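A.B. asks: What follows is a predicted structure for the sequence shown.
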Amino acid sequence: MSDAVRVRFAPSPTGYFHVGSARTSLFNWLYARQTGGTFVLRIEDTDAERGRQEWLDSIISAMAWLGLTADEGPYRQSEAEGRHRDLAEKLYAAGFLYACDCSRDDIDARTKGNATPGYDGHCRERGVARTESTALRFKVPHDGGTTIVDDQVRGQVAFPHAAMEDFVAVKSSGAPLFALANAIDDRDMAITDIIRGEDLLPTTPKQLLLWEALDTVDVVVPLPRFAHLPMLVNEQRKKLSKRKDPVAVESYRDQGFLPDAFVNYLALLGWAPKGDQEMLSRAELVEQFRLADVQSSPAFFDVAKLTHFNGEYIRALSLEDFLAAVLPWIEPDKADWSPEGYVTPWDLQHFDAGRFAEMAPLVQERIAVMSEAPSMVDFLFLPDPPFEETAVDKVLKSEKAVSILEAALAAYREIPFEAAALHEATLAFSEELGLKLRITQAPVRVSVTGRQVGPPLFEAMALLGRDEVVRRLHLGLELARS
RNA sequence: GCUCCCAUCGUCUAGCGGCCUAGGACGCCUCCCUUUCAAGGAGGUAGCACGGGUUCGAAUCCCGUUGGGAGUGCCA
């Protein structure tokens, strides 16, 4: 039995939380849950230039939304700065690092035509004195050897030392750079498994070298296992970009995706369960997920499939749960959260929760994301139907519209105003007109709801009541005649 | 340029030498159901990048080619 698993998710707050980070976070979380391990959240906030509080908030709230709760943290990397500097000093004192006063331009000018690109080791043996403008570079061993990354998803990956430059480990300010700070934290937090994006694979050998060096100046810490997850890419097969691609997790929350659906879909990016069942509950994911079965090729984030999953999840909700989940788009004043800047199409004074609840099961069946709900029911709460121009042009201006609406008005005058009777009455006058129900319902629908598509018509009319339906049919008639 | 990674339907994937005339899911198309739209049901479309090996046998193993991607910052 190996020691207890400790994994960490270590985002830097330099942008909103995006789907790639969410996937990395999820895989860490799944692995922790299934091994009974600990999921640590560490915020790598040492880049004061780019880090912002709002991005941090975004990470925390998006993870909470997805239900990826940390067992420890959030720790802030900046809090360990003293520790980082201390170890950097020890590394320097022990000869693993050397001072370098080259500027980027110096280096570029010198190495322009070199076969081996990158820093050329110019200061390695020069004995440059440390000043406030010298960085500290790591002395990559010139031993002709290789560093091997033993990766759970990729196997053994070898990096020849000859191709590794003496990278900067400590800034001239004295603060360690990512590779060092990150390794020190992983050591100090006793992380056993590093699960992160494939983009970090090339920096892993550097961290391994650093790790060995740190072992000699500090306590010896067993090497963690590594797992580099495949990239998430866009249609162009390029790494998802925060600027160009719609990847903000919040935007999916705002559109009305369900966290469980989102998590389920995300889990399928780079991993697949045994068998043909793709819709898996959180518990099933935790149970079935296998890090070793993670794919090594990049995956495209397919919103169409996500949307399908979401529709399935919505339909699977109990009425009660559906009402709760759709609340932010229907009655935002009653919800504890709703999308920023969102307002309902109707005046909240005119909203009728009872009416909505009656319509809800019909809505639930028809939407794939919650934000589609308002347009399905707005006609119920708006003083006049929200007439769509194309619907008016195509349906109300059609040849038969006037006679159909007149027939409807006559037919609905005295019948009991409930769905079944309305259905029957409509069927009856359709027959008299020699038209199919699919034809006659159209102008009635547009008159009553303003749209060509929507929830079942007769249920909607029953809810509205005879007086209002009659009034709207007259509105439709006016439009039809104009 | 250099280092590294990757390669099964349009997309996500199953497949880990014979069960594959390659399975599932999304998408798309057709039909059925039907008061619109959905949902549901029944079908269909479409793939092992290429070339060499190894083997009785390769989508599966090896090599190469091609193609894609990542990294190459005193960012993380």
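C.D. replies: Perfect, I can see it now.

A.B. asks: what helix or strand is the closest residue to A:Glu287 other than its chain neighbours on?
C.D. replies: Leaving aside its sequence neighbours, A:Glu287 sits nearest to A:Gln34 (C-beta to C-beta, 6 or more residues apart in numbering; 6.6 Å). Every residue, glycine included, has its C-beta placed from N, CA and C. A:Gln34 belongs to helix A:19-35 when assigned by DSSP states H and E.

A.B. asks: Does at least one residue of that helix sit close to RNA strand B?
C.D. replies: No: Helix A:19-35 does not reach RNA strand B (C-beta under 7 Å from any atom of the strand); its nearest approach is 9.9 Å.

A.B. asks: Adjacent strands (with direction) for the helix or strand just after that helix?
C.D. replies: Using DSSP H and E, the helix or strand that follows helix A:19-35 in sequence is strand A:38-43. Take DSSP bridges as the rule and strand A:38-43 pairs in its sheet with strand A:6-9 (parallel), strand A:72-76 (parallel).

A.B. asks: Put the alpha carbons of strand A:38-43 into PDB.
C.D. replies: Output of strand A:38-43 as PDB, limited to C-alpha atoms (Å, rounded to 0.1, in the frame of the first residue of the first chain):
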ATOM      1  CA  THR A  38      -6.200  15.000  -0.700                       C
ATOM      2  CA  PHE A  39      -7.000  17.600  -3.300                       C
ATOM      3  CA  VAL A  40      -4.900  20.800  -2.700                       C
ATOM      4  CA  LEU A  41      -5.700  24.100  -4.300                       C
ATOM      5  CA  ARG A  42      -2.700  26.400  -4.700                       C
ATOM      6  CA  ILE A  43      -2.900  29.700  -6.400                       C
END
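
A.B. asks: Is any residue of that strand near RNA strand B?
C.D. replies: No: Strand A:38-43 stays out of contact with RNA strand B when judged by C-beta under 7 Å from any atom of the strand, the minimum separation being 8.4 Å.

A.B. asks: ok, now how distant is the residue nearest to A:Glu287 from RNA strand B?
C.D. replies: Relative to RNA strand B, A:Gln34 is positioned 17 Å away (C-beta to the nearest atom of the strand, to the nearest Å).

A.B. asks: For that residue, give me the pLDDT.
C.D. replies: Reading off the confidence values, A:Gln34 has pLDDT 95.

A.B. asks: again, but for A:Phe351
C.D. replies: pLDDT recorded at A:Phe351 is 96.

A.B. asks: hang on, it packs against A:Glu331?
C.D. replies: Yes: assessed by C-beta atoms under 8 Å, A:Phe351 is found in contact with A:Glu331 at 6.2 Å.

A.B. asks: intersection of neighbour lists for those two?
C.D. replies: Contact criterion C-beta atoms under 8 Å, 6 or more residues apart in numbering; residues shared by A:Phe351 and A:Glu331: A:Thr344.

A.B. asks: For the stretch 1-150 of chain A, which residues are neighbours of RNA strand B?
C.D. replies: By C-beta under 7 Å from any atom of the strand, the residues of the stretch 1-150 of chain A that approach RNA strand B are A:11-12, A:14, A:44, A:46-47, A:49-50, A:77, A:100-104, A:115-119, A:133-135.

A.B. asks: Go again with 6 Å.
C.D. replies: Proximity of the stretch 1-150 of chain A to RNA strand B (C-beta under 6 Å from any atom of the strand) is limited to residues A:Ser12, A:Glu44, A:Thr46, A:Asp47, A:Arg50, A:Arg104, A:Thr116, A:Pro117, A:Gly118, A:Ser133, A:Thr134, A:Ala135.

A.B. asks: do the same with the stretch 151-300 of chain A
C.D. replies: So the stretch 151-300 of chain A meets RNA strand B at A:154, A:157-160, A:163, A:168, A:171-172, A:177-178, A:198-199, A:201-203, A:231, A:237-239, A:268-270, A:272, A:276, A:278, A:293, A:295-300 (C-beta under 6 Å from any atom of the strand).
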